[in-house]
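Enquirer: Return atomic coordinates for the entry below.
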Amino acid sequence: MLGRLALALTVVLTSSAWAQSVISAHSGVIQYVEGQVTLDDAQLQQKFAEFPDVKVGQTLAAQDGRAEILLTPGVFLRLAENSSFQMVSNKLSDTKVEVLSGSAMIEVSELLKDNAISVQFHDAQIELLKKGLYRVDSEDPARLRVYDGDARVTSGSQTLTVSRGREVEIGTTLEARNFSTKDTDAFYRWSGRRDEYVAQANLVAAKTVSNSFYDGGTGLGTGVNSTASAWAYNPWYGMFTFVPGNGMFMSPFGYSYYSPFTIGSFYGPAYGYYGGYINPNSYNAVRTINSIPALANRGGLGGRAMGPAAVSGGSLASSSASAPSRMSSGGGMSSGGGMRGGGHR
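Expert: Down below sits the predicted model:
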């Protein structure tokens, strides 16, 4: 149903629940729209905590607007103005979208082992093989550009693998040629800003999940050292963010996504970090970050220093061991604050 509540797409995680698989989900949840965007010709009007998604067979079209759609965990599809795509399959194991018009950019910060992403474009099938940044333009000319990563393009009997800094025109004999990855435009820069906002939200979401692994706030972790990568709802920012299951991932735009087990490296030992975990009761974590502009600006809202609520998780978490975190394994749609970052610049 168009417009579902956030709670329908999230689960409350404790340390034991996080160690298990989170709820099943699908690709196609709309994270953010600005301007005039329609879903099957119906104007999208986002409301707080109500989140439409693009179902199989539906078409999302941006007229004088742009949109960001969550695919498999860690994969974003962003649509430029005067562009449209149709959802062919929304399974996490086999996500397929068809670019119908305009320009689409797909950012792959992580491609999970059991997930697959492919793009239908004219008579070509484009498989995204690894982490990277991929752009499809439908005209002038119709082409695929790989800013980072590897993509396999199949058209008729032809198959070609396209790597970083290479592009291929679609609708002709497949032949890759070089292009400058510094060749960007307003849509590319907008996509980078969206990635920056989502990465900022990760700092609090990853810390909140980390807090849930605490044993009474003693700084001693439960011993769990891996999770499933997921979309995490951050009500402080009013948006979903990507939280890797383990390690730390650098997005194609150069922003960091921390897992609950590496977020401590961002805050550092002086800020309540102990052996891979963050002590949620650490007053020094709040006081010290706010006193150092460089650190305050790293995780702040719009470059402002993080207040105590932001550093401790705010409405995301308390200082107890059972502090909840709302998670969705396959997607979810942001509200209020998730609609920031607008403006066609």
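
Enquirer: switch to C-alpha atoms for all contacts and neighbour counts from now on
Expert: OK.

Enquirer: where do the helices sit along the chain?
Expert: With DSSP state H, the ranges of helices along the chain come out as 15-19, 186-211, 264-267, 283-291, 293-299, 308-312.

Enquirer: now for the second one, which elements pack on it?
Expert: Judged by 3 or more Cα pairs under 8 Å, 6 or more residues apart in numbering; DSSP states H and E, helix 186-211 is in contact with strand 230-234, strand 239-243, strand 256-258, strand 277-278, helix 293-299, helix 308-312, strand 325-328.

Enquirer: weakest of the ones you listed by average pLDDT?
Expert: Ranked on mean pLDDT, the bottom entry among the helices and strands packed on helix 186-211 is helix 308-312, at a mean of 27.

Enquirer: pretty sure M250 is in contact with S256, am I right?
Expert: Yes - assessed by Cα atoms under 8 Å, M250 is found in contact with S256 at 4.6 Å.

Enquirer: which one of those two has more residues nearby?
Expert: Just comparing M250 and S256: by other Cα atoms under 10 Å the higher neighbour count belongs to S256, 20 against 14.

Enquirer: which other residues reach stretch 249-257?
Expert: Stretch 249-257 has contacts (Cα atoms under 8 Å, 6 or more residues apart in numbering) with 107-110, 131-133, 148, 192, 195-196, 199, 202-203, 242-244, 248, 258.

Enquirer: Give me the below-cutoff pLDDT ranges for the chain.
Expert: Scanning the chain for pLDDT under 70 picks out the ranges 1-24, 48-50, 213-227, 268-345.

Enquirer: give me the number of residues near D183?
Expert: For D183, the neighbour count with other Cα under 10 Å is 8.

Enquirer: Can we start the residue count at 583 from this point?
Expert: Done: numbering now begins at 583, and the last item shifts to D765.

Enquirer: CA atoms only: put stretch 654-665 into PDB for me.
Expert: The C-alpha trace of stretch 654-665 is given here as PDB (Å, rounded to 0.1, in the frame of the first residue of the first chain):
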ATOM      1  CA  THR A 654      19.800  -4.000  -1.600                       C
ATOM      2  CA  PRO A 655      21.600  -2.900   1.600                       C
ATOM      3  CA  GLY A 656      24.400  -0.500   0.600                       C
ATOM      4  CA  VAL A 657      23.000   0.200  -2.900                       C
ATOM      5  CA  PHE A 658      21.300   3.500  -3.800                       C
ATOM      6  CA  LEU A 659      19.600   4.300  -7.100                       C
ATOM      7  CA  ARG A 660      19.300   8.100  -7.700                       C
ATOM      8  CA  LEU A 661      17.200   9.500 -10.500                       C
ATOM      9  CA  ALA A 662      17.800  12.900 -12.200                       C
ATOM     10  CA  GLU A 663      15.100  15.300 -13.400                       C
ATOM     11  CA  ASN A 664      13.200  14.300 -16.500                       C
ATOM     12  CA  SER A 665      14.100  10.700 -15.900                       C
END
